[in-house]
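Chemist: got a structure for you, letters missing:
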C-alpha cells in the first residue's frame with residue numbers, strides 16, 4: 001500500500017496502458033452473464049431517474065441552455081432528439097444525477113452510471129454501435145472508474161473534489177475509446193488527454209449550487225472529446241495517474257499518502273467491480289444512508305407521537321466515519337438548517353431528524369415544505385455528530401443514532417452495513433421496483449413496461465428500439 005505515486009512519464013507498462021489494454025480487449029462474451037445482467041439493471045435504475053427528474057427547475061434551465069448552443073440529432077431521455085451529441089451527454093448526465101438518487105460504487109464513492117450511460121448511449125447512437133457493444137463499453141468504464149477512485153482511498157473528498165466528475169472523465173475516456181474504435185495505444189493516450197479536462201469541485205456543498213448535477217455529463221463529454229482527439233493523433237501525457245503532476249499528486253495533495261496504486265488495476269477482468277455498485281434505496285448522499293435507516297428504525301421502535309417525541313428529546317448523537325464529516329456534517333450550523341433540498345440531501349442533522357419524526361425518507365421529504373418544516377428543523381438543531389471508532393469505511397458507510405431523552409433515558413440503533421451496498425445489495429427485482437416507483441407518475445404503464453423490456457434486452461435486440469423509446473418526449 002501507499003506505493004510511490006511518481007513514475008516515469010515514458011513508462012509503457014503504467015496504469016493507463018494496462019487500463020487501455022483491458023478496455024479495448026474485453027469482449028461482451030468475456031463478461032460473465034451475471035455482470036451483464038446487473039449492469040443492465042443499473043442502467044434501468046438510471047433511466048427511471050432521468051424521467052423522475054424531468055419536471056424540476058434545474059432540468060428546464062439546463063435544457064434551454066444546451067439548446068441555445070445549437071441543434072442536433074442526439075437522444076435526450078424524454079426530450080426527443082434535439083441536441084448535439086456532447087450536449088446530449090451533459091443533459092442526460094444531469095437527468096440521471098439531478099436527484100442524487102443514482103447508483104454509487106461503495107469503495108470508490110463514484111456515481112459511475114451517471115457519466116458512463118450518457119457517454120456510451122451518445123457514442124453508440126453516433127457510431128451505430130450495437131447494444132452489446134454499448135453494454136461492454138459501459139462495463140469497461142465502470143471497472144476502470146471504480147478502481148481509479150478506490151485507489152484514492154477517500155482522498156478526493158478529503159481535498160474537496162468530487163470523484164464522479166474527476167475520475168468519471170477517465171472512465172468515460174476508456175469507454176469512449178472502445179466505441180470510437182481506438183487502438184490500445186490510442187486509448188492509453190485518451191486518458192492522458194482527459195487529465196487536462198477532468199474537473200469536479202465540491203463547492204456545491206454550501207449554498208445549494210446546481211453544479212454537482214452537471215458534473216457527470218461533463219465527464220461524459222470529456223471522454224468523447226479525449227477519445228476523438230486521440231484517434232486523430234493528438235498527444236497527451238503518458239502517465240496520467242502516477243506521473244509527477246498526474247491525477248493523484250495533483251488532486252490529492254497533502255493526503256496523497258492515502259493512495260494505493262495497486263487498486264487501480266487489481267483484478268481487471270477477473271473481479272468485477274460492477275457487482276460492487278450500490279443502488280441507492282434513499283434519495284440522499286450515500287454517506288448518510290446508514291444514519292437515515294437507523295433513525296427510521298428508531299421511529300418505529302419508540303412508537304411515540306411526533307409531538308411528544310420532539311418535546312422529550314434532549315439530544316441526538318450520530319456516529320459517522322471520519323472521512324464523511326466534511327461532506328455531510330460540516331459546517332454544523334448550515335447542516336442543521338439546510339436552505340434547499342440539495343443541502344438537505346447532504347445533511348446528517350436533516351436526514352436523521354426526518355427519519356426520527358416521519359419514519360421514512362423519500363423524494364417527498366425533499367419538497368420545499370418538508371425542508372422548511374419547523375418540527376424537523378427544531379429536532380435537527382439537537383443533532384450532533386461524532387466519529388465512529390468502529391467504522392469500516394470505505395467498505396461500508398456506517399451510521400449509529402443515539403437518542404437521549406430529557407428524563408435520562410436513551411435508545412440507539414446502529415447500521416453497520418449500509419443498505420444497498422455490495423454486502424447488502426438491492427436485488428435486481430428491487431431495482432426494477434425502484435424504476436417503476438420513479439416513473440409511475442411520469443409515464444403511462446405500457447410505455448414504462450416497454451422501456452424496461454428494451455433496457456433489459458439491450459444486448460439482444462436492436463439498439464434503435466431502445467433509442468426510439470427514450471427519445472419520445474413526455
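Modeler: Good, I have the coordinates. All figures in this text were calculated on a predicted structure; none of them were measured in a lab.
Chemist: For the rest of this, base every contact and every neighbour count on C-alpha atoms.
Modeler: Will do.
Chemist: Surely residue 415 touches residue 295?
Modeler: No. The pair residue 415 and residue 295 fails to qualify as a contact (CA atoms under 8 Å) at a distance of 9.8 Å.
Chemist: the more surrounded of the two?
Modeler: Neighbours around residue 415 and residue 295, counted as other CA atoms under 10 Å, are more numerous at residue 295. The numbers are 34 against 20.
Chemist: in a helix, that's where that one is, yeah?
Modeler: Yes. Counting by DSSP: H, G, I helix; E, B strand; the rest coil, residue 295 falls inside a helix.
Chemist: contacting residues around it?
Modeler: Contacts here follow CA atoms under 8 Å, 6 or more residues apart in numbering; on that basis residue 295 touches 352, 353, 355, 356, 359, 401, 413.
Chemist: List of residues touching the helix or strand hosting the third one?
Modeler: In this structure, residue 355 sits in helix 348-358 according to DSSP states H and E. Contact with helix 348-358 is made by 288, 291-293, 295-299, 306, 309-310, 328-329, 335-338, 344-345, 360-361, 365, 376-377, 379-381, 383-384, 401, as judged by CA under 8 Å, 6+ apart.
Chemist: Among those, which ones are in helices?
Modeler: 291-293, 295-299, 306, 309-310, 328, 335-336, 344-345, 376-377, 379-380 (DSSP state H).
Chemist: Throw the contacts of residue 295 into TSV and include neighbour count, thanks.
Modeler: Conversion of the contacts of residue 295 to TSV gives the following (neighbours: other CA atoms under 10 Å):
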residue	neighbour count
352	31
353	28
355	25
356	29
359	20
401	29
413	19
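Chemist: Output these in JSON lines; the columns should cover pLDDT.
Modeler: What follows is those, written out as JSON lines (pLDDT from 0 to 100):
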{"residue": "352", "pLDDT": "98"}
{"residue": "353", "pLDDT": "97"}
{"residue": "355", "pLDDT": "96"}
{"residue": "356", "pLDDT": "95"}
{"residue": "359", "pLDDT": "94"}
{"residue": "401", "pLDDT": "98"}
{"residue": "413", "pLDDT": "97"}
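Chemist: These into a markdown table, with extra columns for distance to residue 469?
Modeler: Below are those laid out as a markdown table (distance: CA to CA, whole Å):
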| residue | distance to residue 469 |
| --- | --- |
| 352 | 39 |
| 353 | 40 |
| 355 | 37 |
| 356 | 41 |
| 359 | 37 |
| 401 | 44 |
| 413 | 45 |
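Chemist: how about residue 472, what does it touch?
Modeler: Contact analysis of residue 472 by CA under 8 Å, 6+ apart lists 77, 78, 79, 80.
Chemist: at 10 Å instead, please
Modeler: Counting by CA atoms under 10 Å, 6 or more residues apart in numbering, residue 472 makes contact with 75, 76, 77, 78, 79, 80, 81.
Chemist: From residue 66, how far off is it?
Modeler: Distance from residue 472 to residue 66, counting by CA to CA, to the nearest Å: 18 Å.
Chemist: relative to its centroid, which residue of this structure is most remote?
Modeler: The C-alpha centroid of the chain is most remote from residue 407, which lies 42.3 Å away (CA atoms, centre = their mean).
Chemist: How is that one assigned, secondary-structure-wise?
Modeler: coil.
Chemist: Torsion angles phi and psi at it?
Modeler: Main-chain dihedrals, residue 407, degrees, to the nearest 10: phi -90, psi 10.
Chemist: Any stretches of this structure with poor pLDDT?
Modeler: 1-13, 304-308 (pLDDT under 70).
Chemist: can you do 50?
Modeler: Across the chain, the ranges flagged by pLDDT under 50 are 1-12.
Chemist: circling back: which of the contacts of residue 472 fall within strands?
Modeler: Among the contacts of residue 472, the members falling in strands are 75, 76, 80, 81 (criterion: DSSP state E).
Chemist: with the residues you listed in mind, which one is nearest to residue 256?
Modeler: The shortest approach to residue 256 among the ones in strands among the contacts of residue 472 belongs to residue 76, at 38.3 Å (CA to CA).
Chemist: I figured residue 124 was touching residue 131, is that so?
Modeler: Yes. Assessed by CA atoms under 10 Å, residue 124 is found in contact with residue 131 at 7.8 Å.
Chemist: shared neighbours, these two?
Modeler: Between them, residue 124 and residue 131 share the contacting residues 137, 463, 464, judged by CA under 10 Å, 6+ apart.
Chemist: residues in contact with the last one?
Modeler: Under the criterion of CA under 10 Å, 6+ apart, the contact partners of residue 464 comprise 124, 125, 128, 129, 130, 131, 454, 458, 470.
Chemist: if we go to 8 Å?
Modeler: Here residue 464 is in contact with no residue (CA under 8 Å, 6+ apart).
Chemist: Is it within a helix or a strand, and which one?
Modeler: helix 463-471.
Chemist: and the gap between residue 178 and residue 24?
Modeler: For residue 178, the distance to residue 24 equals 5 Å [CA to CA].
Chemist: higher neighbour count, the two?
Modeler: Between residue 178 and residue 24, counting by other CA under 10 Å, residue 178 is the more crowded of the two (28 against 25).
Chemist: tell me the contacts of the more buried one?
Modeler: Taking CA under 8 Å, 6+ apart, one finds 23, 24, 137, 187 in contact with residue 178.
Chemist: Recalculate using a threshold of 6 Å.
Modeler: Residue 178 sits next to residue 24 when contact means CA atoms under 6 Å, 6 or more residues apart in numbering.
Chemist: gap between it and residue 96?
Modeler: Distance from residue 178 to residue 96, by CA to CA: 23 Å.
Chemist: Please, where are all the strands along the chain?
Modeler: Using DSSP E, strands in the chain cover 71-76, 80-83, 104-105, 277-278, 313-320, 383-387, 399-405, 410-415.
Chemist: Tell me which of those sits nearest to residue 17.
Modeler: strand 104-105 (23.1 Å).
Chemist: and that closest one, what does it pack onto?
Modeler: Judged by 3 or more CA pairs under 6 Å, 6 or more residues apart in numbering; DSSP states H and E, strand 104-105 is in contact with strand 277-278.
Chemist: what helices or strands is the strand it packs on leaning on?
Modeler: If you count contacts as 3+ CA pairs under 6 Å, 6+ apart, strand 277-278 packs onto strand 104-105.
Chemist: can you list contacts of the strand it packs on?
Modeler: Here strand 104-105 has contacts from 110, 111, 277, 278, using CA under 6 Å, 6+ apart.
Chemist: Go again with 10 Å.
Modeler: So strand 104-105 is contacted by 110-114, 142-143, 145-147, 149-150, 164, 273-280, 285-286, 395, 420-422 (CA under 10 Å, 6+ apart).
Chemist: residues in contact with residue 207?
Modeler: Residues near residue 207 by CA under 10 Å, 6+ apart: 334, 338, 339, 340, 342, 343.
Chemist: who's in contact with the fourth one?
Modeler: Pointing back at residue 340 there. 207, 208, 209, 366, 367, 368, 369, 370, 371, 372.
Chemist: Against residue 176, how distant is the residue nearest to residue 216 when sequence neighbours are not counted?
Modeler: Ranked by CA to CA, 6 or more residues apart in numbering and with sequence neighbours excluded, the top spatial neighbour of residue 216 is residue 115, at 4.4 Å. Per CA to CA, residue 115 is found 11 Å from residue 176.
Chemist: Having no further points to raise, I will conclude here.
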